[in-house]
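Student: using only what follows, build the 3D model:
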Amino acid sequence: MKLFNCRRTNLKTGPVEKISADSSGSMLLEMSLIMPVLLILLAGIVQFGFILNAKVAVNSAAYEAARAATVSGNPYEAAIIAIENYSGSAISGWNFNERLRASIKMTGTDPGSEVIVEVSYLAPVFFYKIVPFDRFEANLAEVKGRALMRIEEKE
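Tutor: Below is the predicted model of the structure:
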C-alpha cells in the first residue's frame with residue numbers, strides 16, 4: 001500500500017503552499033478590529049487590580065488603627081500612628097497628604113466605648129481617558145475603609 005502526499009511539492013524548496021492576498025488582508029482587518037477591544041479589556045483588568053489592592057490596604061489600615069486605639073491610653077494618637085505605619089509599609093507613596101485621609105470618632109474613653117476609624121484614599125485611575133467615567137473626577141477614585149471596635153479594659 002502506497003501513501004500519497006496531497007500537498008504539492010517543489011523538488012528544490014520543499015512544500016509549496018499558496019496564501020492568497022485576500023486571506024492575509026482579512027487577517028489584518030480582523031486583528032485591527034479585535035486588538036482595541038482586547039487592550040481596553042486588559043487595561044480594565046489592570047485598573048481593577050490597583051483599586052482592589054487599595055481597597056484591601058485601606059480596610060486593613062482602618063482595622064489596625066481601630067485595634068491600636070482600643071488598647072492604647074491615647075487612642076487618637078495611637079490610631080494615627082498605626083495608619084502611618086501600616087500605610088507606609090503596605091503601599092509605597094502612602095502618607096497623609098491630599099490623597100490619604102483618616103477620621104477617628106469615639107463615644108468616650110471608658111471600656112466598652114466605641115472607636116470608629118474611617119480611612120479614605122484617592123487611588124489613581126490610569127486609563128480614565130480611554131473610558132471616561134463621571135465617577136472618577138480628576139483621574140482619582142476614592143476608596144474607603146471603615147472599622148468599628150470597642151475600647152478594652154486596661155490592666
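
Student: secondary structure class for F126?
Tutor: Assigned by DSSP: H, G, I helix; E, B strand; the rest coil, the conformation of F126 is coil.

Student: I'd like to know which elements the host helix or strand of S89 is packed against.
Tutor: Secondary structure assignment for S89, by DSSP states H and E: helix 75-90. In terms of contacts (3 or more Cβ pairs under 8 Å, 6 or more residues apart in numbering; DSSP states H and E), helix 75-90 is packed against helix 21-71, strand 100-106, strand 114-124. C-beta coordinates here come from the backbone N, C-alpha and C atoms, glycine included.

Student: JSON lines for those, including distance to A147, mean pLDDT and mean neighbour count?
Tutor: Rendered in JSON lines, the data for the helices and strands packed on helix 75-90 read as follows (distance: least, Cβ to Cβ, whole Å; pLDDT from 0 to 100; neighbours: other Cβ atoms under 10 Å):
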{"stretch": "helix 21-71", "distance to A147": "4", "mean pLDDT": "86", "mean neighbour count": "15"}
{"stretch": "strand 100-106", "distance to A147": "10", "mean pLDDT": "89", "mean neighbour count": "16"}
{"stretch": "strand 114-124", "distance to A147": "5", "mean pLDDT": "89", "mean neighbour count": "21"}
